[in-house]
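> The amino acid sequence is not available; the structure is as follows:
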């Protein structure tokens, strides 16, 4: 039992983000697992984005405690859109834009 508790403590906390892109290119929506307090990059998914939605979170992180920020740069700099959370998406464009990175923060430690 002690090992189960240690494993849960070591499991990274994550936000689940739905990345929406127009369906004309055949890509559609993709859900990605973004570790909390980490600069997330993934050019395969983030090179064409229209809207970002926070759709869930890993165990131990209430989704209503998470806010995520899109950035233009892969280094987590240069605001790339409005912050988003579980009740408010970040609508970036009616077409697509490139998002360099996403950083999510939680008020739960």
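The structure has been received and is ready for your questions. The structure displayed is predicted, hence computed values, not measured ones.
> can we go C-alpha only for contacts and neighbour counts from here?
Will do.
> can you give me the helices for this protein?
In the chain, helices defined by DSSP state H lie at 2-10, 43-46, listed in chain order.
> Least confident of these, on average?
Mean pLDDT is lowest for helix 2-10 out of these, coming in at a mean of 51.
> what's the neighbour count on residue 60?
For residue 60, the neighbour count with other C-alpha atoms under 10 Å is 14.
> Excluding covalently adjacent residues, which one is nearest to it?
Distance criterion C-alpha to C-alpha, 6 or more residues apart in numbering; nearest residue to residue 60, sequence neighbours excluded, is residue 13 at 7.3 Å.
> distance of the one you found from residue 86?
Residue 13 sits 16 Å away from residue 86, taking C-alpha to C-alpha, to the nearest Å as the criterion.
> Residue 31 too?
Here residue 31 is placed at a distance of 14 Å from residue 86 (C-alpha to C-alpha).
> Over to residue 57?
Distance from residue 57 to residue 86, by C-alpha to C-alpha: 10 Å.
> Need the residues touching each of those two.
residue 63 (C-alpha atoms under 8 Å, 6 or more residues apart in numbering).
> These two: which is more packed in?
Neighbour count, other C-alpha under 10 Å: between residue 57 and residue 86, residue 57 has more, with 22 against 19.
> Read off the pLDDT value for the more buried one.
On the pLDDT scale, residue 57 gets 96.
> cool, and residue 42?
Listed pLDDT for residue 42 reads 95.
> thinking it is in contact with residue 99, fair?
No: look at residue 42 against residue 99 with C-alpha atoms under 8 Å: they stay out of range, at 9.0 Å.
> For residue 95, which residues are in contact?
Shown in contact with residue 95 (C-alpha under 8 Å, 6+ apart): 21, 22, 49, 50.
> what about this protein, any weak spots by pLDDT?
The model of the chain has pLDDT under 70 over residues 1-11, 23-27.
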